[in-house]
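Student: Please work out how this folds:
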Amino acid sequence: MPLYNVFYTAAASRQFRRLPREIAFRVRDAIEALANNPRTFHTEKLESSPHAYRLRIGSYRVLYTVNDPAKQVAIFRIAHRREAYR
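Tutor: Modelled structure (predicted):
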């Protein structure tokens, strides 16, 4: 049973739909795993925000925030690594 509710912002949802099919499957699986543990050893905290994290999936990055009291993970950006931090 998932501990956290994972949802996408409108921008992240558009970005996910534009991913190549094989990458989209890998990204979806990694995002679903965040529902059980949003802070795995594959993630890294971003310096720009106190609650933002980065998940690496090959050359793509998933940027998200964690709201522990509400048990929510908000995916706010999915992009290639050269564009993810702009």
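
Student: Could you list the residues in contact with the longest helix along the chain?
Tutor: Using DSSP state H to define each element, the chain has its longest helix at helix 21-33. Helix 21-33 is contacted by residues 6, 16, 19, 40, 42, 55, 57-58, 60, 62, 75, 78 when judged by C-beta atoms under 8 Å, 6 or more residues apart in numbering. C-beta here means a position set from N, CA and C on the backbone, and glycine is covered the same way.

Student: rerun that using 10 Å as the cut-off
Tutor: Here helix 21-33 makes contact (C-beta atoms under 10 Å, 6 or more residues apart in numbering) with 2, 6, 8, 12, 15-20, 40, 42-43, 55-62, 64, 73, 75, 78, 80.

Student: Report the buried members of those.
Tutor: 6, 8, 12, 15-16, 19, 43, 55, 57, 60-62, 64, 73, 75, 78 (16 or more other C-beta atoms under 10 Å).

Student: Which pLDDT value belongs to the residue nearest the centre of the chain?
Tutor: In the chain, the centroid-proximal residue (C-alpha atoms, centre = their mean) is residue 62; its distance is 3.6 Å. For residue 62, the model assigns a pLDDT of 96.

Student: partners of the helix or strand hosting it in the sheet?
Tutor: Using DSSP states H and E, residue 62 sits in strand 60-67. Using DSSP bridges, the strands paired with strand 60-67 are strand 52-57 (antiparallel), strand 72-80 (antiparallel).

Student: Format those strands as a markdown table; extra columns: mean pLDDT and distance to residue 24.
Tutor: Shown next, in a markdown table, are the strands paired with strand 60-67 (pLDDT from 0 to 100; distance: least, C-beta to C-beta, whole Å):
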| stretch | mean pLDDT | distance to residue 24 |
| --- | --- | --- |
| strand 52-57 | 94 | 10 |
| strand 72-80 | 96 | 9 |
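
Student: Right, I'll leave it there.
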